[in-house]
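Novice: the following block contains a protein sequence and its predicted model.
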Amino acid sequence: MARRCTICGRGVRVGSSISHADNVSKRRFRINLQRVRVKMGGEIKRILVCTRCLHAGKVKKIQ
């Protein structure tokens with residue numbers, strides 16, 4: 001399963017890790033994904049959603 005938000009499609013971002021000696025190496029910024037139970041198309045599914053979508057109200061969780 002890809003580490004991507006099902007709603008907005010956000011995924012891993014790439015940046016640089018810079019040491020005290022100013023050495024630069026690549027690193028990955030992983031997004032905060034939550035496994036959420038959602039009603040989609042009349043049935044209950046468990047999907048990965050980023051917290052940005054949860055806070056924005058794009059997804060309604062069910063218990």
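Specialist: Received the coordinates, thanks.
Novice: quick one, phi psi at residue 30?
Specialist: When read as degrees, to the nearest 10, the backbone of residue 30 gives phi -90, psi 140.
Novice: so where is the protein shaky, pLDDT-wise?
Specialist: Across the chain, residues meeting the criterion (pLDDT under 70) sit at 1.
Novice: the strands in it, which residues?
Specialist: Counting by DSSP state E, one finds strands in the chain at the ranges 13-18, 24-29, 33-40, 43-50.
Novice: which among those is found nearest to residue 2?
Specialist: Residue 2 sits nearest to strand 43-50 of all the strands of the chain, at 8.6 Å, using Cβ to Cβ. In short, each C-beta sits where N, CA and C put it, glycine included.
Novice: in its sheet, what does that closest one sit against?
Specialist: strand 33-40 (antiparallel) (DSSP bridges).
Novice: so how far is the strand it pairs with off the chain centroid?
Specialist: 12 Å (Cα atoms, centre = their mean, to the nearest Å).
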